[in-house]
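Visitor: after the sequence you'll find the predicted model.
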Amino acid sequence: MTDILKEIENVTITGVKVIYQKDITAEDILITPTKKEHQGDYTLVTFSLAKKLQQSPQNIAVKLSEYIKQNLLSSSVSATEIVQGFLNISLSPSFWSSALDEMVSDPDYWKPSHTPEKILVEFSSPNTNKPLHLGHIRNILLGWASYKMLKASGHDVSRVQIVNDRGIAICKSMLAWSKFGEGQTPESIGMKSDHFVGEWYVRFEKEFLKEYTAWQQTDTSKEIFDNRNEKELSEAEFFKSYKNHYFNTYSKLGLEAREMLLKWEAHDPVTIQLWKKMNAWVYAGFGETYKKLGVEFDKLYYESDTYLLGKDIVEEGLKRKVFYQKGDGSIWVDLTQQGLDHKLLLRADGTSVYMTQDLGTAQKRFEEFGAERMVYVVGDEQNYHFQALFAMIGAYGAPYAKGLHHLSYGMVELPEGKMKSREGTVVDADDLIAVVLKEAADAASEREFNDPEVIRKIGMAALKFFIVKVDHRKRMVFDPKASVDLQGQTGPYIQNAYVRIQSILRKAGEIQKEHTGYEPNADEKLLLNMLSQCSQVIDSAVREYNPALIANYTYALAKEYHRYYHDVKVLHAESDAAMAFRLKLIRIIGENIQNTMDLLGIEMPERM
RNA sequence: GGCUCCGUAGCUCAAUUGGAUAGAGCAACGCUCUUCUAAAGCGUAGGUUACUGGUUCGAACCCAGUCGGAGUCACCA
């Protein structure tokens, strides 16, 4: 428990004072869980004290071990061992036995507790022109886990997403559907509605490419190619890089799409109606996917509502000389002092950019939620943007400036390389979910059960655990084959540990026996030690916004339990006291697994 | 090219934030089910932590350089 750690710390401090007449603080002391291959529960590393005390580590360890043995409360220390300056402290069986009772009497022992703050977590934030994909899944799982663990730590957390429902992308889907759709609907052709909209986006790109390829044969095109600046570019390379320019200048389809966007901005009723229809399809589809993933939101922001926000802040900042205006009328902020550059906030024509909108949205959220902290779960390609945004809000002096955090995550890649929508190598979220559920169902049928609810839990656990176990800052390789693996370091492995516990508990029924006098063995002490570290693990995960720490913790616990299960019999224990103790222990382990996995959005089945 | 991040077993990932002999899973090869669920357990094999130097009692982790990869450097989002 954290109490015993603090106790060892205090005794060490007073010990140093008594023995060496020197004052040290808790920061000078390093206590870690003892490595498995050594005897002990906690280790005091004495090297850090050696310099301060002008003594050899060995010497310090010897003296302190005596002092700790005699002064640690209620003689909890059963033995100490010194190995090359590492002072290993073994706590007594009775200490661990009462630690178990403490866990039983305090159902919150596993959570850290903090003074509550209002925190807002933004995640998912999709575009509305195509379905969710694998990258969104990583985002969503990170966001959800952040929400859960912040909440478990006592905070008041709200979940939001900003839906990018406007702009040229959705206009492409709208245009393709109205040109070629012939009145088709998701219902009429039996397709999931967000996929339906995505199909029209793909159709647009296809038609556009056709048009572009044809244009490349024209004289205009040939002339442009011959007069290109970068002579070293091949024809293919040149036209690849020229595509965007073509879209904005020569393309007929591009012109139509841009006209549609203008009509939308002018509130043209027909366009708005079409836009609403297509977005409604997308939202219905997203809703299904979110439901499968088990996530929900407290509030949705729509870019169509927020894209004009932030202008007043820019005006205000200009007045207060935090921002400045250029000769052409555009407004900028100078972030060179923070090691960044100059950033545009408002175009010369008075229209806003992404930055303007983010400025306004943060302000709005602060007003609506009173959030002291705001967490943005967004991919690491936007690291610079958020650095600039936060620096800017800091320069502006907003009251929420210090609580802003970008939970940045690396791209998800396939074994063959990056996912590219153009090359059709994007892993669709719904497809992926279907594949893991199929895999779980196949495995279940071999084991002769077919409870769909259990299969769902197993499949989703496999997928979720596979993704959240990886440190979010790193790019990860997603191997679809490995993700549906149900053996080894996986979600189902952890579920199986839980299920084995439930099976024993069911058989044990209402057995009520006392374990007075029972002394836990080495395996049981290790399990209790792991459980006692749970709240600190979660605390680290919260501090670092890193759910992977929890995934690793629970996996280690499940692994240890599987071994214990193999070696030690609970229901056929050598004594009633042993059985009573073990029943209590495994119940706590089961609850711990369930609680910690719930923080990652992973559910436990009762049987599998 | 500037800035930022990354490089650990064949593959996918860890390593308690500078601590002990760098650990797991997958893949490979052995062994263990009339036993509380074998989606499990045990064992074998696999490493110059990209490379070179430095800092110190101690470096995968900090510093410098080199090599390799990614992101970003829009009046896009």
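Guide: Arrived safely.
Visitor: torsion angles phi and psi at whichever residue of the stretch 351-500 of chain A sits closest to RNA strand B?
Guide: RNA strand B sits closest to A:Gly488 of the stretch 351-500 of chain A, with a gap of 2.2 Å, by Cβ to the nearest atom of the strand. Any C-beta I mention is one placed from the backbone N, CA and C, and that applies to glycine too. Reported as degrees, to the nearest 10, the phi and psi values for A:Gly488 are phi 80, psi -140.
Visitor: do you know the pLDDT at it?
Guide: Model confidence at A:Gly488, given as pLDDT, is 92.
Visitor: list the contacts for the spatially most central residue of chain A?
Guide: In chain A, the residue lying closest to the centroid (Cα atoms, centre = their mean) is A:Leu142, at 1.6 Å. The contact partners of A:Leu142, taken as Cβ atoms under 8 Å, 6 or more residues apart in numbering, are A:Phe123, A:Val377, A:Leu407, A:Tyr409, A:Val468, A:His472, A:Pro547.
Visitor: can you rerun that using 6 Å?
Guide: A:Leu142 is in contact with A:Val377, A:Tyr409, A:His472, counting by Cβ atoms under 6 Å, 6 or more residues apart in numbering.
Visitor: who wins for neighbours among the residues you listed?
Guide: When neighbours are taken as other Cβ atoms under 10 Å, the top entry among those is A:Val377 (27 neighbours).
Visitor: verify the stated contact: that residue with A:Gly143.
Guide: Yes. Judged on Cβ atoms under 6 Å, A:Val377 makes contact with A:Gly143 at a distance of 4.2 Å.
Visitor: now A:Glu603: phi and psi?
Guide: Here is the backbone geometry of A:Glu603 (degrees, to the nearest 10): phi -100, psi 150.
Visitor: quick one, what contacts it?
Guide: A:Lys457.
Visitor: any idea how far the residue lying farthest from the centre of chain A lies from A:Phe225?
Guide: Distance from the centre of chain A peaks at A:Asp219, with 52.2 Å (Cα atoms, centre = their mean). Separation of A:Asp219 from A:Phe225 (Cβ to Cβ, to the nearest Å): 11 Å.
Visitor: returning to that earlier point: save the contacts of A:Leu142 as JSON lines, and put in distance to A:Ile602 too.
Guide: Formatted as JSON lines, the contacts of A:Leu142 follow (distance: Cβ to Cβ, whole Å):
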{"residue": "A:Val377", "distance to A:Ile602": "18"}
{"residue": "A:Tyr409", "distance to A:Ile602": "18"}
{"residue": "A:His472", "distance to A:Ile602": "16"}
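Visitor: from these, which land in helices?
Guide: With DSSP state H as the criterion, helices contain none of those.
Visitor: residues near A:Arg203, how many?
Guide: A:Arg203 is flanked by 18 other residues according to other Cβ under 10 Å.
Visitor: residues contacting the nearest residue to A:Lys513 once chain neighbours are set aside?
Guide: Distance criterion Cβ to Cβ, 6 or more residues apart in numbering; nearest residue to A:Lys513, sequence neighbours excluded, is A:Ala580 at 3.8 Å. Neighbouring residues of A:Ala580 by Cβ under 6 Å, 6+ apart: A:Lys513, A:Glu514, A:His515.
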